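Q: Any chance you can model this:
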Amino acid sequence: MLKIGSTLVLEKIAATDSEERVRYRAKIIELKNGIIYIDYPINEQTKRTDIFPVGTAFKAIYVTEADSAFTFQTDLIGREILTVPSLKLRMPDQDEIKKIQRRQYVRIQTSADVAMYGAQTNVPPVSSVTVDISGGGLSLLLPEKHAFTEGMQVKLYIAYFLQKSGPGFLEAEGSIVRLVKNERNRKHTASIEFVEIHERDRQAIIRFCFERQREQRKKGLRIR
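A: Next comes the predicted model:
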């Protein structure tokens, strides 16, 4: 159930598949008359607020105190000054709110070392860092010149660190879902979905994500 003080993760529903996926975090400051009032969302990448026109559609995610996660679609219907400037989102009907699995929602913006190899031998591998990662996949930075394409099957070698077990290393096979060039900073990113990964390795990634969550909470950052 949505509660005042809860954090919403917002992802703008893109008009095209090539549009870069950006996530925002906002706190619920009021719930009334079919409206969710939130403070101005913070861009996870820039740590700044962005401006959205009325009518902007979002996918929203929130996590309950019982550590269950839910998602729904909403849209921006206006602005209002409460105790602070706020945005007004449409409250979804109960049947529009869907429960999602942990591996689907725990996506953390963090840097982890990763190497990526293409299935074809003529594709030079890259050594890079993640932009974000979850139990279902990751995004990583690419050099300006590379030979990877959307739909390509790749092998990933990922390094991580867990508090109890220390450094770890895993292999996974994935598929490149999307390649995006950010026109503002000229950086290239690849979004990759895991298609073959040992379940113990998936659980290690999920644990890694939750540990990064706790670290970021201690630093006062908004967390999904």
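
Q: contacts and neighbour counts: CA atoms only from here.
A: OK.

Q: going on from the worst-scoring helix or strand of the chain on mean pLDDT, what's the next piece of helix or strand?
A: The weakest-scoring helix or strand in the chain, judged by mean pLDDT, DSSP states H and E, is helix 102-105 (a mean of 53). Later in the chain than helix 102-105, the nearest helix or strand by DSSP states H and E is strand 113-118.

Q: After that following strand, heading C-terminal, what element do we hit next?
A: Counting by DSSP H and E, the next helix or strand C-terminal to strand 113-118 is strand 126-134.

Q: what angle separates that next one from strand 113-118?
A: Per axes from the mean of the first three to the mean of the last three C-alpha atoms, to 10 degrees, the angle that strand 126-134 makes with strand 113-118 is 110 degrees.

Q: Give me the buried positions along stretch 159-166.
A: Across stretch 159-166, burial judged by 16 or more other C-alpha atoms under 10 Å covers 159-161.

Q: Straight-line length of it, end to end?
A: Length of stretch 159-166, first residue to last, C-alpha to C-alpha, to the nearest Å: 11 Å.

Q: What of stretch 2-10?
A: Start-to-end, stretch 2-10 (C-alpha to C-alpha) is 14 Å.

Q: Identify each of the helices in the chain and give its residue range.
A: Secondary structure of the chain (DSSP state H): helices located at 102-105, 199-218.

Q: Give me the buried positions along the last one.
A: For helix 199-218, the buried set under the neighbour-count rule, 16+ other C-alpha under 10 Å, comprises 201-202, 204-213.

Q: give me the number of residues near residue 198?
A: Residue 198 is flanked by 12 other residues according to other C-alpha atoms under 10 Å.

Q: Next, count neighbours for the residue nearest to it when sequence neighbours are not counted.
A: Excluding its sequence neighbours, the residue lying closest to residue 198 (C-alpha to C-alpha, 6 or more residues apart in numbering) is residue 172, at 7.6 Å. Using other C-alpha under 10 Å, residue 172 is surrounded by 19 other residues.
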